[in-house]
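What follows is a predicted protein model with its sequence.
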Amino acid sequence: MKFRFYSLRLSCALALCLPALILPARVDAQEVANDANAQYRKAFEALAQRDWPEARRLLLPLWQNAHTWDVASGLGQAEFLLQNYAAGATYTAFALANLPPKEKPKTAERLRAALSEMKEAVGTVRVSVNHAGAEIWVENEVVGSSPLGRDVYLNPGTRVLQARLADGAQGRQTLEVEAGKSYQVALVVDPTLAELQAAGATQATAPAGAFPPVRPDTDQRNWAPLLVTGSLALAAAAVGTGFAIDASSAKSDGANALTDAEAQFGENPCTPAKGGGSEICQSVTDAQDRRKSSSTVATISFVASGVFALAAVGSYFIWAKPARPQLDAWLGADGGGLRLKGSF
């Protein structure tokens, strides 16, 4: 019901402005061959009588012979009212973009108003591609090549957009189109095997120092992560060992100081009632504090060493393993191709 409402409203709008859109072109049509002139007059009459299938049948050959704004305007009206909404919007947009400067401003206003109505029934898509010169396809139809300087109008539903290069590389994206909405689609074309081989040949023939040397050895391992994590594990273990030795030394110093205090003050020598404020009892307290802090640092260092050791083992399996290049091939209903992937 929504599209029928658009069709009815657009039919009324274009019927009112039909003479303003078509009549100026009739003067230009006098300069073409008589048969084309006669066919154009018949198409104009069909549009005036709202015989959309007949108008479309008569206008399509004229469009194939020459892409003119007036033929596009008539085709836009006929296609849209035949419920070919995307085609109608596309023709109308062409007519508006190619309207001669000599035409009256009201003609452009009416075409602009008609296109605005048509956009409510289609999705408006702006397409970009990462390769210039790629053909842009919607379903099984070419809509232009990149960079595409115009909008693409699509009927609602699931639509597949593709970008194809001459060497077979392609990128595609599926789009759920809703009426009246606008979209931005960026198609990415993957590099083909030919491009990768060309890049390799360029490296091989370049002057020394221009590119890094090509390494054909696919078994070369990346040892850097293993060396870094292994070095950190050893360093943490060394720090932990040093503080563990210091903690043991502090324990021994504290025991010796306590023995001397007991010899001087008796049992529980460092209580306030006995030698709590003496220099020898202060030595006992310092030794105990040093033991605690060194033991804490040693524990943290050993834990860190274990973590780095595990990271070293993981880095061996993740990064140090060789990454061999793989050549994949595919063949489907939409075509086929090759892809080379891996680390080099």
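Everything's here; your move. Numbering: from 1, shown residues only.

I'd like to know how many residues surround the spatially closest residue to residue 157 that is not a sequence neighbour.
Among residues not flanking residue 157 along the chain, residue 177 sits closest, at 6.0 Å (CB to CB, 6 or more residues apart in numbering). In this view, the C-beta of every residue, glycine as well, is placed from N, C-alpha and C. The number of residues packed near residue 177 is 18, by other CB atoms under 10 Å.

How confident is the prediction for residue 177, by pLDDT?
On pLDDT, residue 177 comes in at 92.

is it true that it touches residue 121?
No - contact status for residue 177 versus residue 121: not in contact, 11.1 Å apart, counting by CB atoms under 8 Å.

rewinding a little: next, give phi and psi for the residue nearest to residue 157.
In terms of degrees, to the nearest 10, the main-chain angles of residue 177 are phi -90, psi 130.

contacting residues around it?
122, 123, 125, 154, 155, 156, 157, 158, 159, 183 (CB atoms under 8 Å, 6 or more residues apart in numbering).

Show me the two of the residues you listed that sit farthest apart.
Using CB to CB, the contacts of residue 177 reach their maximum pairwise distance at 122 and 158, which is 14.4 Å.

So between the two, which is more surrounded?
Neighbour count, other CB under 10 Å: between residue 122 and residue 158, residue 122 has more, with 27 against 8.

how far away is that one from residue 81?
To residue 81, residue 122 is 14 Å away according to CB to CB, to the nearest Å.

likewise residue 181?
Separation of residue 181 from residue 81 (CB to CB): 22 Å.

what pLDDT does residue 206 get?
44.

scratch that, residue 200 is what I was asking about
Predicted confidence (pLDDT) for residue 200: 58.

Roughly how far does the residue nearest to residue 157 sit from residue 224?
Counting by CB to CB - residue 177 and residue 224 are separated by 48 Å.

same check, this time on residue 294
Residue 294 is 34 Å from residue 224, by CB to CB.

cool, residue 265 as well?
The gap separating residue 265 from residue 224 is 61 Å, by CB to CB.

got it, and residue 43?
Look at residue 43 and residue 224: by CB to CB, they are 73 Å apart.

The two: which is more packed in?
Each of residue 43 and residue 224 has its neighbours counted (other CB under 10 Å); residue 43 has more, 25 against 11.

my guess is that one meets residue 61, correct?
No - if you go by CB under 8 Å, residue 43 and residue 61 don't touch, sitting 9.8 Å apart.
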